[in-house]
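K.L.:
Task: produce atomic coordinates for the following.
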Amino acid sequence: MDIRKTINFSMLLALSVVLSIFESLIPIINGSIPGLKLGFANIVILFILYRYKFKDAIYLSILRVILVALLRTGFGINFIFSLVGAILSVSAMFIFKKLKFSIITVSVMGSIFHIIGQIITTIILLDTFNLIYYLPYLIIFSVITGFIIGVITNEILERTKEII
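P.N.:
Predicted coordinates:
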């Protein structure tokens, strides 16, 4: 990896960590429905997926989850939920991008698969189906936030064509 790419990735990783931590401090979202997040860090991950490669996006996403765990949440069950959700989300976004869907659809699908990953992890680790009742609300919220994140990322990609 050349020095320019290393610097860009370092800044993007830092930005994704800051966005994740900032998002967790928003009181309206935090604690209302389990698993509910705005997905600000997905702006960075989606940007990397479109500007670089899948390998780079998955690598940065995993590093973000680890750094947020180190700085804020620890390595408990929330870490596992975040890690599984992130891996499934980036993988789904990669597949839908390869299938030539729009960036907004790719973002929405990433958001939906993130929450599906967390629900599946909950069922497996906690041996409970209780959170499955939240799934319709979480999917509706995922479509809305995925749409917004997709629009924002598309605009960023358009405005940074010549820079990065």
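K.L.:
contacts and neighbour counts: CA atoms only from here.
P.N.:
Fine.
K.L.:
can you map out the helices along this protein?
P.N.:
3-24, 41-51, 54-68, 77-98, 103-126, 135-159 (DSSP state H).
K.L.:
and those helices as JSON lines, adding mean pLDDT and mean neighbour count?
P.N.:
Formatted as JSON lines, the helices of the chain follow (pLDDT from 0 to 100; neighbours: other CA atoms under 10 Å):
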{"stretch": "helix 3-24", "mean pLDDT": "92", "mean neighbour count": "16"}
{"stretch": "helix 41-51", "mean pLDDT": "96", "mean neighbour count": "22"}
{"stretch": "helix 54-68", "mean pLDDT": "96", "mean neighbour count": "20"}
{"stretch": "helix 77-98", "mean pLDDT": "95", "mean neighbour count": "21"}
{"stretch": "helix 103-126", "mean pLDDT": "93", "mean neighbour count": "22"}
{"stretch": "helix 135-159", "mean pLDDT": "93", "mean neighbour count": "18"}
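K.L.:
so who does the spatially closest residue to residue 157 that is not a sequence neighbour touch?
P.N.:
Nearest residue to residue 157 in three dimensions, chain neighbours excluded: residue 47, at 6.7 Å (CA to CA, 6 or more residues apart in numbering). Shown in contact with residue 47 (CA atoms under 8 Å, 6 or more residues apart in numbering): 153, 156, 157.
K.L.:
Distance to residue 9 added to the residues you listed, as JSON lines?
P.N.:
JSON lines is the format used below for these (distance: CA to CA, whole Å):
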{"residue": "153", "distance to residue 9": "16"}
{"residue": "156", "distance to residue 9": "16"}
{"residue": "157", "distance to residue 9": "15"}
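K.L.:
I am finished for the moment; much appreciated.
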